[in-house]
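K.L.:
Predicted model, plus sequence, below.
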Amino acid sequence: MTSQTRVLIVDDSFVFRRLLKETLGRHKGILVVGTAANGREAVTQIPTLRPDLLILDVEMPEMDGLATLDEIRARRLDVGAIMFSTLTLKGADTTLDALAKGAFDFVPKPANTGAFAESVARIERELIPKIEAYGAMRNSGPRPSVLRVPAGPRPAAPLMPSPRPCLRPVHPSGARPSLRPTFPPEAVGIGVSTGGPNALNSVIPKFPAGFPLPIFLVQHMPPVFTAQLARRLDEKSALRVVEATDGMAIEGGTVYVAPGDYHMVAALDGTRRVIRLTQSPPVNSCRPAVDVLYESLAQVYGGRVVAAILTGMGQDGLAGCRTLKSKGASVIAQDKESCVVWGMPRFVTEAGIADRVVSLECITDSILDAVRAGGRWR
């Protein structure tokens, strides 16, 4: 088993191909096996070059990124893909389609390739960790590939359905948790990163119409992408899903998506609860950050919160979950087997903060259980 991740760069821009090849080629864990100017060239090279992963441009002549993913599936080529996307409305929309087609993740293209050093730094900061995460997954389990497309959303459940057991509700200690009535939750928080758009497609649409609490959602994404994510989730969900704006009144039955490049917090305006957006420094290299949101929920709602941590790299959310748990909140973590990257949930689970560790398909049911019972697990 090789420790290097074999990468094929697919981009119609010679400048970006050279930039990526030189930057990735300096990393000892990455082997650049070739370049291609479009998807058609790439699919013909894959059987010979045997890459583990494509760095795949979204917009290209002859065969673009989406068509390339379709062709890979049609030819049953076992390879993963990270999308290299422009920060445009079309780029965001196409990238979300690519993630739904099985792409592992995406990275925004540097805006100004004239600033070579800045572009290199951005690739090293944003793309290389995702290639490393992909390589770690490949070496630890089934090869992540666009051939394995994530499951799509399920129909919305009826209003506050009866409890039903999740397949594997587990306390980190191994015991099956039970709910202890305390005080009813008044808000739900969800934090997610790599693998998030597909995970959210399995979580948000399952909330029933009439769900009474506000849901605060941080997905690590740049501007434009978060607006498109909110729009798509809104189309699939019984609940109202919006990209949050500063000063927006907090209402039950609404999912508030933190906009890219802004921290989202809950705050009091007199007796009203409102959304506030800030551009204070990134936390955990993230803006929006889950920790910032969860710390604000602890201030406004105390322990009357159900907090979930889903798939993603890094440890954003750990400090916020610790604060919420100290005030009596319930904390749910996604399990390793159903995560694209078991990073954020892993830190929460291994810190002993998670009350419940469940598969992706049980996240919504677990939140509904806690809200319905008005308590926390023990």
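P.N.:
Cool, the structure landed. Residues are numbered from 1 along each chain as shown.

K.L.:
Residue 118 is in what secondary structure piece?
P.N.:
Per DSSP states H and E, residue 118 falls inside helix 116-122.

K.L.:
same check, this time on residue 319
P.N.:
Per DSSP H and E: helix 318-326 holds residue 319.

K.L.:
Let me know the next secondary structure element after that helix.
P.N.:
Next element after helix 318-326 (DSSP H and E): strand 330-334.

K.L.:
How much space separates the most far-flung residue of the chain relative to its centre from residue 63?
P.N.:
Distance from the C-alpha centroid of the chain peaks at residue 270, with 33.7 Å (CA atoms, centre = their mean). Look at residue 270 and residue 63: by CB to CB, to the nearest Å, they are 56 Å apart. C-beta here means a position set from N, CA and C on the backbone, and glycine is covered the same way.

K.L.:
Same question for residue 127.
P.N.:
22 Å.

K.L.:
Just want to know which of those two has more residues nearby.
P.N.:
residue 127 (24 against 18; other CB atoms under 10 Å).

K.L.:
where do the helices sit along the stretch 251-378 of the chain?
P.N.:
290-301, 318-326, 344-350, 363-373 (DSSP state H, counting those that start in this stretch).

K.L.:
what stretches of the stretch 101-250 of the chain score poorly on pLDDT?
P.N.:
111-114, 141-182 (pLDDT under 70).

K.L.:
wait, residue 332 sits on residue 354?
P.N.:
Yes: between residue 332 and residue 354 a contact is recorded at 6.7 Å, counting by CB atoms under 8 Å.

K.L.:
and for these two, which residues touch both?
P.N.:
residue 309 (CB atoms under 8 Å, 6 or more residues apart in numbering).

K.L.:
before we move on, the earlier item: just name whatever secondary elements the helix or strand following the helix holding residue 118 is in contact with.
P.N.:
Sequence-wise, the next helix or strand downstream of helix 116-122 (DSSP H and E) is helix 128-140. Contacts defined by 3 or more CB pairs under 8 Å, 6 or more residues apart in numbering; DSSP states H and E place helix 128-140 against strand 5-10, helix 14-25, strand 53-57, strand 80-85, strand 105-108.

K.L.:
Let's see helix 128-140 as PDB, backbone CA atoms only.
P.N.:
This file holds the C-alpha atoms of helix 128-140, laid out as PDB (Å, rounded to 0.1, in the frame of the first residue of the first chain):
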ATOM      1  CA  ILE A 128      -3.600  20.000   0.400                       C
ATOM      2  CA  PRO A 129      -5.400  19.200   3.700                       C
ATOM      3  CA  LYS A 130      -8.400  17.900   1.700                       C
ATOM      4  CA  ILE A 131      -6.100  15.700  -0.400                       C
ATOM      5  CA  GLU A 132      -4.500  14.400   2.800                       C
ATOM      6  CA  ALA A 133      -8.000  13.700   4.200                       C
ATOM      7  CA  TYR A 134      -8.900  11.800   1.100                       C
ATOM      8  CA  GLY A 135      -5.700   9.800   1.200                       C
ATOM      9  CA  ALA A 136      -6.300   8.900   4.800                       C
ATOM     10  CA  MET A 137      -9.700   7.600   4.000                       C
ATOM     11  CA  ARG A 138      -8.400   5.600   1.100                       C
ATOM     12  CA  ASN A 139      -5.800   4.000   3.300                       C
ATOM     13  CA  SER A 140      -8.200   3.200   6.200                       C
END
